[in-house]
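Q: From the sequence below, what's the structure:
(chains A and B)
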Amino acid sequence: MAAPASAYKDRQFLAVIGDEDSVTGLLLAGIGHVTPAPDSQKNFLVVDSKTEASAIEEAFVRFTEERKDIGILLINQHIAEKIRHRVDSYTAAFPALLEIPSKDHPYDPEKDSVLRRVRRLFGE
Amino acid sequence: MSGATNREAVFPTRQSLGIMKSKLKGAQTGHDLLKRKSEALTKRFREITRRIDEAKRKMGRVMQIAAFSLAEVTYAVGGDIGYQVQESAKSARFRVRTKQENVSGVFLPAFESYTTEGNNDFGLTGLGKGGQQVQRCRETYARAVETLVELASLQTAFVILDEVIKVVNRRVNAIEHVIIPRTENTIKYINSELDELDREEFFRLKKVQNKKQRDTAIQDAEMRAKREDAEKRDKDKENEETGGGGDILGDDEDADVIF
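A: Take a look at the predicted model:
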């Protein structure tokens, strides 16, 4: 019924899509990982005002669907807003998708896809 | 809900009645068990949603503090360290592993954070100045990430439990509203058919009995008639015999004997 153990036993990294400050802080905590050459893939994406929504989406798909070693995907809430349809339609258990606040954008529980689901379930 | 449509296609025999009865019993037991499972899961689910709510709020605070400490670093180092940090990230020091927890037969994975020792990608960050702030910032962020990991496990459990509860509830409802009524209908159908057969059989037996009674009555009548006949004949014979025998002394006129 639940996902088999093979679906998540190799997932050991965290990935992050965020603005520069969030990514820097999380990297300082030590979550950054670059896979060995030749296809050195980073597990983080820095988004600034110039980043296209398509690039964010591509990274989102890469982290959630293509890479099998990521257990948790952190994404800044204001960035999640840009690809909201993607985030809202994402229902898989792995990797866990977490919307985090950023320095400039305080956390708004109303926008969080999971919290909205919680609310809907309890009929509020 | 006519009896003809909402029942299983079985022959109305005593054997299938037994099968249906045991099936109904099994369905009821299964229904009880599943219902209990669903309740246990729902209880867990509510607890998790409550904790998610709390953890999300906590995350807001923690991330704020972390962002503040990063601002301190920027101030102390006197420049942006973002680029340097991004370039020097090579191998994750902070990783997660998954463990499982069993709730009423459902395996809920949970993340557990751990740090690998020995690799430090940012040894040179803040070497010039602000090293202390960088260190503090790293610790703050590490704590923040731990909170995030905790939240992520809750959320994963939430997603999985949500799915499992839906499946279990669907099964409970299917048993309650489809399987049990249908089995009951089938039992009712078999019972009525068997009753019908019983009545037929009874009627048939009655008929046979009637016929037999009639037959015996006729036979009796015949016998009696025969017997009466015989008796009558006997009597006649007797009469005849007495008549035939006459009296020897007889009033019969004997011919005169002339010498």
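Q: can you pull out the strands in chain A?
A: For chain A, the strands defined by DSSP state E occupy A:13-18, A:44-46, A:70-76, A:96-100.
Q: Name the residues that touch stretch B:62-77?
A: Here stretch B:62-77 makes contact (CB atoms under 8 Å, 6 or more residues apart in numbering or on different chains) with A:21-22, A:24-25, A:28, A:100-103, A:106-107, B:80-81, B:126, B:128-130, B:132-134, B:136-137, B:140-141, B:143-144, B:147. Yep, even glycine has a C-beta here, placed from its N, CA and C like the rest.
Q: just the buried members of these?
A: A:21-22, A:24-25, A:28, A:100-103, A:107, B:81, B:126, B:130, B:133-134, B:137, B:140-141, B:144, B:147 (16 or more other CB atoms under 10 Å in any protein chain shown).
Q: on contacts alone, who are the packing partners of the helix or strand bottoming out on mean pLDDT in chain A?
A: Counting by mean pLDDT, DSSP states H and E, the weakest-scoring helix or strand in chain A turns out to be helix A:113-121, with a mean of 75. Applying 3 or more CB pairs under 8 Å, 6 or more residues apart in numbering or on different chains; DSSP states H and E, we find helix A:113-121 packed against strand A:96-100, helix B:14-77, helix B:131-174.
Q: hey, which of these is tucked in deepest?
A: Using mean count of other CB atoms under 10 Å in any protein chain shown, the stretch among these with the largest mean neighbour count is strand A:96-100, at a mean of 26.
Q: That one vs strand A:13-18, what angle?
A: Strand A:96-100 runs at 40 degrees relative to strand A:13-18, counting by axes from the mean of the first three to the mean of the last three CA atoms, to 10 degrees.
Q: Which other helices and strands does strand A:96-100 contact?
A: Packing contacts for strand A:96-100, counted by 3+ CB pairs under 8 Å, 6+ apart, involve strand A:70-76, helix A:77-82, helix A:113-121, helix B:131-174.
Q: Now distance to B:E8 too, for those, in TSV please.
A: Shown next, in TSV, are the helices and strands packed on strand A:96-100 (distance: least, CB to CB, whole Å):
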stretch	distance to B:E8
strand A:70-76	47
helix A:77-82	51
helix A:113-121	36
helix B:131-174	15
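Q: ok, of these, where does mean pLDDT dip lowest?
A: Lowest mean pLDDT of the helices and strands packed on strand A:96-100: helix A:113-121, a mean of 75.
Q: For it, what is the distance to the chain centroid?
A: 18 Å (CA atoms, centre = their mean, to the nearest Å).
Q: Can you show me the CA trace of it as CSV?
A: Backbone C-alpha positions of helix A:113-121 (Å, rounded to 0.1, in the frame of the first residue of the first chain) are rendered in CSV as follows:
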residue,chain,number,x,y,z
SER,A,113,-0.1,23.5,-0.8
VAL,A,114,0.1,21.0,2.1
LEU,A,115,-1.5,23.2,4.6
ARG,A,116,-4.3,24.0,2.1
ARG,A,117,-4.9,20.3,1.8
VAL,A,118,-5.0,20.0,5.6
ARG,A,119,-7.6,22.7,5.7
ARG,A,120,-9.7,21.2,3.0
LEU,A,121,-9.7,17.8,4.7
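Q: Show me which positions of that helix end up buried.
A: Neighbour-count burial for helix A:113-121 [16+ other CB under 10 Å]: A:S113, A:V114, A:L115, A:R117, A:V118.
Q: in the chain, which ranges drop under the pLDDT threshold?
A: Since no chain was named, I'll use chain A. Applying pLDDT under 70 to chain A picks out residues A:1-9, A:37-38, A:109, A:122-124.
Q: that answer is for a different chain, and I need it for chain B
A: B:1-5, B:79, B:118-130, B:241-254, B:257, B:259.
Q: Show me what the lengthiest helix in chain B is packed up against.
A: Using DSSP state H, we find that the single longest helix of chain B is helix B:180-245. Helix B:180-245 sits against helix B:14-77, with contacts defined as 3+ CB pairs under 8 Å, 6+ apart.
Q: tell me the angle of the helix it packs on relative to helix A:113-121?
A: 140 degrees.
Q: Tell me the helix or strand right after helix B:14-77.
A: helix B:82-88 (DSSP states H and E).
Q: ok, back up a step: B:K99 is nearest to which of the helices and strands packed on helix A:113-121?
A: Smallest distance to B:K99 across those (CB to CB): 9.2 Å, for helix B:131-174.
Q: and that closest one with chain A, contact?
A: Yes - legend: contact between helix B:131-174 and chain A by CB under 8 Å from any CB of the partner chain is shown at B:134, B:137-138, B:141-142, B:144-145, B:148-149, B:151-153, B:155-156, B:158-160, B:162-164, B:167.
Q: Wait, B:I48 touches B:L151, no?
A: No - applying CB atoms under 8 Å as the test, B:I48 and B:L151 come out as separate, 11.0 Å apart.
Q: okay, now B:P109: neighbour count?
A: Using other CB atoms under 10 Å in any protein chain shown, B:P109 is surrounded by 23 other residues.
Q: and it, what element?
A: strand B:106-115.
Q: Dump that strand to PDB, restricted to CA.
A: The C-alpha coordinates for strand B:106-115 follow below in PDB (Å, rounded to 0.1, in the frame of the first residue of the first chain):
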ATOM      1  CA  VAL B 106       1.200   0.900   7.100                       C
ATOM      2  CA  PHE B 107       4.800   1.800   6.800                       C
ATOM      3  CA  LEU B 108       5.400   5.400   7.300                       C
ATOM      4  CA  PRO B 109       8.900   6.500   6.300                       C
ATOM      5  CA  ALA B 110      10.500   9.200   8.400                       C
ATOM      6  CA  PHE B 111      13.600  11.200   7.700                       C
ATOM      7  CA  GLU B 112      16.400  11.400  10.000                       C
ATOM      8  CA  SER B 113      19.200  13.900   9.600                       C
ATOM      9  CA  TYR B 114      22.800  13.100  10.100                       C
ATOM     10  CA  THR B 115      26.100  14.800   9.300                       C
END
